[in-house]
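Enquirer: need a 3D model of the sequence below.
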Amino acid sequence: MLSFSEENHIKAIYHLSNHANEVVNTNSIAEALSTKAASVSDMLKKLSQKDLIEHVKYQGVKLTEQGKTAALGIIRKHRLWEVFLVQKLGFTWDEVHDIAEQLEHVNSPLLTDRLDKFLGYPRFDPHGDPIPDNKGNMMLHNQVHLCDLGINKKGKVLGVKDGQSSFLQYLDKLGVKIGSMILVKEFIEFDSSMEIVIDNQKTTTISKETAKNIYVNEEN
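Expert: Prediction:
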């Protein structure tokens, strides 16, 4: 059994470490969790004692295999709850993150497995992020950032990098959602913005920053 705080630290380390492949320093964890470095240091000692992390001298920490398994379990619950909230309770994709942040701490493997089955074993959450199965395996997209598509190239929206409510609401106004087809019409040299066509209907211009935060699968 892990506390809420321990689970939040493990999940933060997982995301910051590029899926547990890199070392993460204390200040990065503190910034991600909006807390003080001293508090993070105290928590890292506890996680180390539980064999969830290991220290890399002069660099920071990384998750152990046990820690990675724990992180994937938390992420699995979070993303399954997001699917449930959108598909079954009618929430929009910009409303579910904070609620799922609370529900992810419910510690019942049986509940999680039954939720997964009830939802039909979804592979991706409402934002396009892969959902780990009960063994920690995930299906990964072959994806690129929208800004990396060439002129007259099409891409199907697979997910978003920025999950903030304000960004998701902006995409709703544009008419961009998971599964939307986007055609790149023009790159505007002045500010690196892009003229795009959404689902063969709406032509609009988006900033490079917006395009960097949308993942697509390039269509041939």
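
Enquirer: which one's the longest helix in the protein?
Expert: Counting residues, the longest helix found in the chain (DSSP state H) is helix 65-87.

Enquirer: show me what that helix is packed against.
Expert: Judged by 3 or more CB pairs under 8 Å, 6 or more residues apart in numbering; DSSP states H and E, helix 65-87 is in contact with helix 4-16, helix 97-103, helix 109-118. For every residue, glycine as well, the C-beta is placed using N, CA and C.

Enquirer: who are the contact partners of the residue most central in space within the chain?
Expert: Geometric centre of the chain, nearest residue: Asp129, 5.3 Å, by CA atoms, centre = their mean. Going by CB atoms under 8 Å, 6 or more residues apart in numbering, Asp129 touches Arg79, Gly159.

Enquirer: how much space separates it from Asp113?
Expert: 20 Å (CB to CB, to the nearest Å).

Enquirer: before we move on, what about Asp148?
Expert: With CB to CB as the criterion, Asp148 and Asp113 are 38 Å apart.

Enquirer: Ser28 now?
Expert: Taking CB to CB, one finds Ser28 at 33 Å from Asp113.

Enquirer: which one of these two has more residues nearby?
Expert: Ser28 (17 against 14; other CB atoms under 10 Å).

Enquirer: pLDDT value on the more buried one, please?
Expert: With respect to pLDDT, Ser28 scores 96.

Enquirer: and the angle for whatever helix or strand it lives in with helix 4-16?
Expert: Using DSSP states H and E, Ser28 falls within helix 26-33. Here the directions of helix 26-33 and helix 4-16 differ by 110 degrees (axes from the mean of the first three to the mean of the last three CA atoms, to 10 degrees).

Enquirer: residue ranges with poor pLDDT in the protein?
Expert: 220 (pLDDT under 70).

Enquirer: domain parsing for it?
Expert: The chain resolves into domains spanning 4-63, 76-140, 144-219 when parsed by automatic domain parsing.

Enquirer: need the ones you listed in a markdown table with distance to Ala70, can you?
Expert: Below are the domains of the chain laid out as a markdown table (distance: least, CB to CB, whole Å):
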| stretch | distance to Ala70 |
| --- | --- |
| domain 4-63 | 5 |
| domain 76-140 | 10 |
| domain 144-219 | 22 |
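
Enquirer: kind regards, and thank you for your time.
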